[in-house]
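# no sequence on this one, just coordinates:
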């Protein structure tokens, strides 16, 4: 039969997930929201919910051990895990970590990995409560699941934004990709020049390399929301790039979005890297992933109030009617559809 | 430095886990019980707790794709996951599944895997609420975490057995290992005779092969406990073999244990396989893992009452003073220490 062996690549993992989600899954009445947001939502009590998120990291696919120190890898997977909980406006509580490690890994390498895990755990008040440690004949595969909680009144989905709401992002964008570009250049340099020049010269690039290797999840935003009783109308964490994630947010909220290119926050260090690479920094900010910043929407009036309490965010656009689609207004004032961007 | 590269094998994964657990982990006050039981326990409400368990399955280590159909693999990992929740006397609610799949896997193979996952999910009222689907250059690695809940009054740990309590096990033991022996023999046969004899003759072995490929977690016991308001004093699921798991239970409860060999339940089909293999069936029952039966303790008086409601269990021994250690009383009446067994 012609279609008896269909590769995953040939249909793409999104199509595969859609296919699988069409299967007849059992529905448990305690599940408030299953697949399709940053975390799953389960009933915890009358007033609160449990949040569950999970991710897998594959050596050679999701991380390159030649420039990823294991303590940084440990730190990063926890940052990414708790970021999903923050994206629901929740608080992380505990985590489970599974490791399938190859024989070439030493005890010391695993210790470094867990040092990073524990360091990030302490940062976010998350306890490691279990996990599995297995041998693998091949590469390192790490899975993490993070459990959190959220008051029902604070629970924030990707869906929920209103037309006219301001689209806000914390921090700055494109930094993680700039860091990756530097690390990849260093790797190439090592390959070409051998071990003689083993010391990477990352002095000028510390900021962007840190953004790539040890990203910080935005606990500070979520704590400030709570302190001032502010609940965003929708939220997502920026992991796959701004264009992708605006699309997710707008789609979930059944709206369109207009982004002002000039308003997108980009750090000076990120600009310097793009210049050096002779690349377009705007593309770093639009398509670079793994920044782990939070993108949220609020009615404009509430933005004015909230900025008094928290200032590490900017308004980069607003939600518009779905019919108008997804648009970027360039610094020159031109309007470009997202479809024309990639 | 002589110890700068220490392999995991050289210290063993248990020693490694002990080493890691000595790290300075953040303690979250909502965590009731972290690492060290069948599942972690987190505060859910005043009267209930959330249960979390997780496992990883590595192709070539934990399963052999040559004799493991993917739908069975999917079913088995869910059975194993919910079994951990049942072992805490809890009810599973939701699960997250991460898959790192090699390019050689087709869409159809993944569909089969998820068919098994959904079938077991329906069996145990568990909803798949999320997960990650990644490419891997190497082998298939599947991680599952299962979330459940339990009333605080019903929560049962490995610790808690009293001296004199009866040690009970559901079903029968050694069947999964017997099934594995048959499948391994078939694999050898295929290798030697090639594809001509592609049809395995499993007719006589269906019972044991099912025990290996599609084990059933003992939801029925937990439901009967609940229905009749019975709470065991301690409990564990039998995954690593009776001798190993009796040791875990006794150690957690700070007691010794005496097991009556003649009382250990062994199915006739399991005996037949051992006979055919010219092996000792008692060793299948003592050391064979993956039966996913439940072992629990109850005061003798309560056993007499409970047997009226549930009859698929037997008493195989009793908890004794820790000083007396772990002992097996043979059918001939001899007393053997567990240390002499392996």
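Looks like it came in fine. All values reported here derive from a predicted model rather than from experimental measurement.
# In the stretch 1-150 of chain A, what residue spans correspond to helices?
A:8-11, A:13-21, A:70-86, A:107-123 (DSSP state H, counting those that start in this stretch).
# for chain A, what helix or strand is lowest in average pLDDT?
helix A:8-11 (a mean of 71; mean pLDDT, DSSP states H and E).
# Let me see the contact set for residue A:114.
A:74, B:20, B:23 (CB atoms under 8 Å, 6 or more residues apart in numbering or on different chains). (C-beta placed from N, C-alpha, C; glycine too.)
# Excluding sequence neighbours, find me the nearest residue to the second one.
This means residue B:20. residue A:114 (5.0 Å; CB to CB, 6 or more residues apart in numbering or on different chains).
# so what's the residue nearest in space to the middle of chain A up against?
Residue closest to the average C-alpha location in chain A (CA atoms, centre = their mean): residue A:239, at 2.7 Å. Listed by CB under 8 Å, 6+ apart, the contact set of residue A:239 reads A:80, A:83, A:245, A:289, A:290, A:291, A:292.
# Apply 10 Å and report the result again.
By CB atoms under 10 Å, 6 or more residues apart in numbering or on different chains, residue A:239 lies in contact with A:38, A:55, A:80, A:83-84, A:87, A:176, A:215, A:245, A:248, A:289-293.
# Among the residues you listed, name the ones in strands.
Counting by DSSP state E, the part of the contacts of residue A:239 found in strands is A:55, A:293.
# Spatially, which two of the contacts of residue A:239 are the most separated?
Greatest spacing in these, by CB to CB: A:215 and A:248 (19.0 Å).
# Which pLDDT does the model give residue A:18?
The pLDDT attached to residue A:18 in the predicted structure is 75.
# can you tell me the residue of the stretch 201-342 of chain A closest to chain B?
Residue of the stretch 201-342 of chain A nearest chain B, by CB to the nearest CB: residue A:239 (11.9 Å).
# Can you give me the distance of that residue to residue A:179?
15 Å (CB to CB, to the nearest Å).
# Run a quick neighbour tally on the nearest residue to residue A:49 once chain neighbours are set aside.
Nearest non-adjacent residue to residue A:49, counting by CB to CB, 6+ apart: residue A:41, 4.9 Å away. When neighbours are counted by other CB atoms under 10 Å in any protein chain shown, residue A:41 registers 23.
# Report the beta-bridge partner residues of residue A:41.
Beta bridges link residue A:41 to residue A:33, residue A:51, judged by DSSP bridges.
# Pretty sure residue A:237 sits in a helix.
No. Counting by DSSP: H, G, I helix; E, B strand; the rest coil, residue A:237 is not found in a helix; it is strand.
# Wait, it touches residue A:89, no?
No. Between residue A:237 and residue A:89 there is no contact under CB atoms under 10 Å: 11.2 Å.
# Are there residues contacting both of those two? Which ones?
With CB under 10 Å, 6+ apart, residue A:237 and residue A:89 have common neighbours A:294, A:296.
# May I have the phi/psi pair for the residue nearest to residue A:137 when sequence neighbours are not counted?
With sequence-adjacent residues excluded and distances taken as CB to CB, 6+ apart, residue A:137 is closest to residue B:60, at 5.2 Å. Per-residue torsions, residue B:60: phi 90, psi -10 (degrees, to the nearest 10).
# ok, residue B:60 - contacts?
A:135, A:136, A:137, A:138, B:138, B:139, B:140, B:141.
# Turn these into JSON lines, including distance to residue B:334, neighbour count and pLDDT.
Formatted as JSON lines, these follow (distance: CB to CB, whole Å; neighbours: other CB atoms under 10 Å in any protein chain shown; pLDDT from 0 to 100):
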{"residue": "A:135", "distance to residue B:334": "37", "neighbour count": "17", "pLDDT": "85"}
{"residue": "A:136", "distance to residue B:334": "42", "neighbour count": "23", "pLDDT": "85"}
{"residue": "A:137", "distance to residue B:334": "42", "neighbour count": "13", "pLDDT": "82"}
{"residue": "A:138", "distance to residue B:334": "46", "neighbour count": "22", "pLDDT": "86"}
{"residue": "B:138", "distance to residue B:334": "49", "neighbour count": "23", "pLDDT": "86"}
{"residue": "B:139", "distance to residue B:334": "45", "neighbour count": "21", "pLDDT": "91"}
{"residue": "B:140", "distance to residue B:334": "46", "neighbour count": "24", "pLDDT": "94"}
{"residue": "B:141", "distance to residue B:334": "45", "neighbour count": "31", "pLDDT": "95"}
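# From those, pick the one nearest residue A:278.
Using CB to CB, the contacts of residue B:60 come closest to residue A:278 at residue B:138, 35.7 Å.
# any idea how far residue B:293 is from the closest one?
34 Å.
# next one: residue A:49
34 Å.
# Between the two, which is the more surrounded one?
residue B:293 (27 against 24).
# rewinding a little: go through the helices of the stretch 1-150 of chain A and pick out the most buried.
Most buried of the helices of the stretch 1-150 of chain A by mean neighbour count (mean count of other CB atoms under 10 Å in any protein chain shown) is helix A:70-86; its value is a mean of 25.
# Quick check: mean pLDDT of that one?
Rounded mean pLDDT across helix A:70-86 is 97.
# Does that helix reach chain B?
Yes. Applying CB under 10 Å from any CB of the partner chain, one finds helix A:70-86 touching chain B at residue A:84.
# so how far is that helix from its chain's centroid?
Taking CA atoms, centre = their mean, to the nearest Å, one finds the center of helix A:70-86 at 10 Å from the center of the full chain.
# Summarise which helices and strands that helix is packed against.
strand A:48-58, strand A:91-102, helix A:107-123, strand A:141-151, helix A:206-213, helix A:219-227, strand A:234-238, strand A:293-298 (3 or more CB pairs under 10 Å, 6 or more residues apart in numbering or on different chains; DSSP states H and E).
# State the mean pLDDT of the last one.
Pointing back at strand A:293-298 there. On average, strand A:293-298 scores 98.
# I'm done for today, thanks for sticking with me.
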